[in-house]
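# For reference, the sequence and a predicted model appear below.
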Amino acid sequence: TRVRRQMSERTKRLDLKKAMLKHLMDGLFSAAFVMVVYLPTFSYLFHRIEGWGAWDAYIFVSTVVSTLGYGHITPQTVMGRWLVIVCGFFGIPIVLHGLSFIGILARSLSNVMLSQMMRCYGSDRKTKREDELLFCAGLIVVYFMHCVFVYWYMEEDWSLTVAAYYSFSTFSTIGLGDYV
(Lines give C-alpha, C1' and ligand atoms only; values in the text may rest on other atoms or scores of the structure.)
Protein backbone atom coordinates (compact mmCIF):
# COMPACT_ATOMS: atom_id res chain seq x y z
CA THR A 1 0.00 0.00 0.00
CA ARG A 2 2.88 2.36 0.73
CA VAL A 3 4.32 1.80 -2.76
CA ARG A 4 0.88 2.40 -4.32
CA ARG A 5 0.49 5.62 -2.35
CA GLN A 6 3.91 6.83 -3.50
CA MET A 7 3.11 5.91 -7.10
CA SER A 8 -0.24 7.68 -6.81
CA GLU A 9 1.45 10.82 -5.49
CA ARG A 10 4.02 10.74 -8.29
CA THR A 11 1.27 10.26 -10.87
CA LYS A 12 -0.68 13.21 -9.42
CA ARG A 13 2.43 15.42 -9.52
CA LEU A 14 3.15 14.38 -13.09
CA ASP A 15 -0.46 15.07 -14.12
CA LEU A 16 -0.29 18.45 -12.39
CA LYS A 17 2.94 19.30 -14.22
CA LYS A 18 1.40 18.28 -17.55
CA ALA A 19 -1.69 20.40 -16.88
CA MET A 20 0.47 23.35 -15.83
CA LEU A 21 2.61 23.02 -18.95
CA LYS A 22 -0.50 22.93 -21.15
CA HIS A 23 -1.87 26.03 -19.41
CA LEU A 24 1.45 27.81 -19.89
CA MET A 25 1.57 26.88 -23.58
CA ASP A 26 -2.02 28.06 -24.08
CA GLY A 27 -1.22 31.33 -22.31
CA LEU A 28 1.95 31.79 -24.31
CA PHE A 29 -0.04 31.26 -27.52
CA SER A 30 -2.64 33.84 -26.38
CA ALA A 31 0.02 36.41 -25.50
CA ALA A 32 1.84 35.86 -28.81
CA PHE A 33 -1.44 35.99 -30.77
CA VAL A 34 -2.36 39.32 -29.18
CA MET A 35 1.04 40.86 -29.83
CA VAL A 36 1.64 39.53 -33.34
CA VAL A 37 -1.86 39.32 -34.85
CA TYR A 38 -4.64 40.95 -32.82
CA LEU A 39 -3.13 44.35 -31.94
CA PRO A 40 -1.61 44.99 -35.39
CA THR A 41 -4.77 43.89 -37.23
CA PHE A 42 -7.16 46.06 -35.26
CA SER A 43 -4.66 48.93 -35.24
CA TYR A 44 -4.59 48.80 -39.03
CA LEU A 45 -8.40 48.71 -39.19
CA PHE A 46 -8.73 51.76 -36.93
CA HIS A 47 -6.00 53.50 -38.89
CA ARG A 48 -7.98 52.95 -42.11
CA ILE A 49 -11.49 53.56 -40.75
CA GLU A 50 -10.80 56.50 -38.41
CA GLY A 51 -7.80 57.95 -40.24
CA TRP A 52 -5.59 57.86 -37.13
CA GLY A 53 -1.84 57.55 -37.24
CA ALA A 54 -0.47 54.04 -36.80
CA TRP A 55 0.85 54.72 -33.27
CA ASP A 56 -2.43 56.34 -32.12
CA ALA A 57 -4.40 53.38 -33.46
CA TYR A 58 -2.06 50.91 -31.73
CA ILE A 59 -2.31 52.73 -28.38
CA PHE A 60 -6.09 52.92 -28.73
CA VAL A 61 -6.46 49.18 -29.40
CA SER A 62 -4.12 48.46 -26.48
CA THR A 63 -6.26 50.56 -24.14
CA VAL A 64 -9.43 48.83 -25.34
CA VAL A 65 -8.23 45.25 -24.87
CA SER A 66 -6.50 46.06 -21.58
CA THR A 67 -9.70 47.79 -20.31
CA LEU A 68 -7.80 51.02 -19.59
CA GLY A 69 -9.76 53.31 -21.90
CA TYR A 70 -8.10 56.69 -21.37
CA GLY A 71 -10.62 58.48 -23.59
CA HIS A 72 -8.11 60.82 -25.22
CA ILE A 73 -8.95 59.39 -28.62
CA THR A 74 -12.29 57.88 -29.54
CA PRO A 75 -13.86 56.63 -32.76
CA GLN A 76 -16.08 59.13 -34.53
CA THR A 77 -17.55 56.89 -37.22
CA VAL A 78 -20.33 54.33 -36.91
CA MET A 79 -18.07 51.62 -38.28
CA GLY A 80 -15.32 52.62 -35.84
CA ARG A 81 -17.70 52.34 -32.88
CA TRP A 82 -18.83 48.88 -33.97
CA LEU A 83 -15.20 47.93 -34.39
CA VAL A 84 -14.55 48.91 -30.73
CA ILE A 85 -17.29 46.50 -29.66
CA VAL A 86 -15.87 43.64 -31.73
CA CYS A 87 -12.28 44.43 -30.71
CA GLY A 88 -13.11 44.52 -26.99
CA PHE A 89 -15.58 41.65 -27.01
CA PHE A 90 -13.01 39.20 -28.33
CA GLY A 91 -9.79 40.96 -27.33
CA ILE A 92 -10.40 41.37 -23.60
CA PRO A 93 -10.80 37.63 -22.87
CA ILE A 94 -7.78 36.79 -25.03
CA VAL A 95 -5.67 39.39 -23.23
CA LEU A 96 -6.83 38.12 -19.82
CA HIS A 97 -5.86 34.60 -20.81
CA GLY A 98 -2.45 35.83 -21.93
CA LEU A 99 -2.05 37.78 -18.69
CA SER A 100 -2.72 34.63 -16.67
CA PHE A 101 0.30 33.10 -18.43
CA ILE A 102 2.41 36.14 -17.57
CA GLY A 103 1.22 35.98 -13.94
CA ILE A 104 2.16 32.32 -13.59
CA LEU A 105 5.53 32.95 -15.20
CA ALA A 106 6.18 35.99 -13.00
CA ARG A 107 5.29 34.06 -9.85
CA SER A 108 7.57 31.18 -10.82
CA LEU A 109 10.45 33.52 -11.59
CA SER A 110 9.98 35.52 -8.39
CA ASN A 111 9.94 32.28 -6.36
CA VAL A 112 13.22 31.22 -7.98
CA MET A 113 14.72 34.65 -7.31
CA LEU A 114 13.56 34.58 -3.69
CA SER A 115 14.96 31.08 -3.13
CA GLN A 116 18.30 32.10 -4.65
CA MET A 117 18.45 35.24 -2.51
CA MET A 118 17.67 33.27 0.64
CA ARG A 119 20.41 30.76 -0.24
CA CYS A 120 22.89 33.60 -0.85
CA TYR A 121 22.18 34.98 2.62
CA GLY A 122 22.72 31.57 4.19
CA SER A 123 19.12 30.55 4.83
CA ASP A 124 18.30 26.97 4.00
CA ARG A 125 14.66 27.04 5.08
CA LYS A 126 11.88 26.69 2.50
CA THR A 127 10.11 29.86 1.50
CA LYS A 128 6.72 30.48 3.04
CA ARG A 129 3.69 31.98 1.38
CA GLU A 130 4.23 35.21 3.37
CA ASP A 131 7.81 35.45 2.04
CA GLU A 132 6.55 35.09 -1.51
CA LEU A 133 3.86 37.74 -1.03
CA LEU A 134 6.26 40.24 0.52
CA PHE A 135 8.83 39.62 -2.20
CA CYS A 136 6.23 40.07 -4.97
CA ALA A 137 4.91 43.23 -3.29
CA GLY A 138 8.47 44.55 -3.16
CA LEU A 139 8.97 43.80 -6.85
CA ILE A 140 5.73 45.59 -7.71
CA VAL A 141 6.79 48.66 -5.71
CA VAL A 142 10.21 48.69 -7.40
CA TYR A 143 8.59 48.36 -10.85
CA PHE A 144 6.03 51.07 -10.04
CA MET A 145 8.72 53.47 -8.81
CA HIS A 146 10.81 52.72 -11.89
CA CYS A 147 7.88 53.72 -14.12
CA VAL A 148 7.21 56.84 -12.04
CA PHE A 149 10.79 58.02 -12.48
CA VAL A 150 10.85 57.16 -16.18
CA TYR A 151 7.67 59.20 -16.82
CA TRP A 152 8.97 62.03 -14.62
CA TYR A 153 12.16 62.10 -16.69
CA MET A 154 10.52 61.64 -20.12
CA GLU A 155 7.67 64.13 -19.71
CA GLU A 156 9.36 67.46 -19.14
CA ASP A 157 6.28 69.28 -17.89
CA TRP A 158 5.22 66.55 -15.41
CA SER A 159 5.93 66.80 -11.71
CA LEU A 160 6.82 63.73 -9.66
CA THR A 161 3.24 63.74 -8.35
CA VAL A 162 1.76 63.73 -11.86
CA ALA A 163 4.09 60.90 -12.90
CA ALA A 164 3.05 58.84 -9.83
CA TYR A 165 -0.64 59.65 -10.41
CA TYR A 166 -0.41 58.62 -14.07
CA SER A 167 1.48 55.42 -13.24
CA PHE A 168 -1.07 54.45 -10.60
CA SER A 169 -4.09 55.16 -12.79
CA THR A 170 -2.48 53.05 -15.51
CA PHE A 171 -1.46 50.12 -13.29
CA SER A 172 -4.82 50.02 -11.56
CA THR A 173 -6.55 50.16 -14.98
CA ILE A 174 -8.55 53.20 -13.92
CA GLY A 175 -7.26 55.18 -16.92
CA LEU A 176 -8.76 58.54 -15.98
CA GLY A 177 -7.58 60.19 -19.18
CA ASP A 178 -6.54 63.57 -17.76
CA TYR A 179 -2.88 62.72 -18.44
CA VAL A 180 -2.03 60.71 -21.50
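Cool, the structure landed.

# What residues does Leu83 make contact with?
Applying Cβ atoms under 8 Å, 6 or more residues apart in numbering, one finds that Leu83 lies in contact with 42, 45-46, 49, 75. To be clear about C-beta, it is placed using only N, CA and C from the backbone, and glycine gets the same treatment.

# Which one of these is nearest to Ala57?
Lowest distance from Ala57 to these (Cβ to Cβ) belongs to Phe46, with 4.1 Å.

# so how far is Ser167 from that closest one?
The gap separating Phe46 from Ser167 is 26 Å, by Cβ to Cβ, to the nearest Å.

# Could you check which of the two is surrounded by more residues?
Phe46 (26 against 21; other Cβ atoms under 10 Å).

# Need the three-state assignment for Thr173.
Here Thr173 is coil, with the state taken from DSSP: H, G, I helix; E, B strand; the rest coil.

# ok, it to Thr63 distance?
10 Å.

# Over to Met113?
31 Å.

# Same check on Glu9?
Per Cβ to Cβ, Glu9 is found 47 Å from Thr63.

# The two: which has the busier surroundings?
Counted by other Cβ under 10 Å, Glu9 and Thr63 do not tie: Thr63 has more neighbours, with 20 against 10.

# where exactly do the strands run in this structure?
Under the criterion DSSP state E, the chain carries no strands.

# what ranges do the helices span in it?
Per DSSP state H, the chain has helices spanning 2-33, 39-50, 54-65, 78-120, 129-154, 160-171. These are given in chain order.

# how about JSON lines for the ones you listed, with mean pLDDT added?
Listed next are the helices of the chain as JSON lines, based on pLDDT from 0 to 100:
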{"stretch": "helix 2-33", "mean pLDDT": "73"}
{"stretch": "helix 39-50", "mean pLDDT": "95"}
{"stretch": "helix 54-65", "mean pLDDT": "89"}
{"stretch": "helix 78-120", "mean pLDDT": "84"}
{"stretch": "helix 129-154", "mean pLDDT": "87"}
{"stretch": "helix 160-171", "mean pLDDT": "88"}
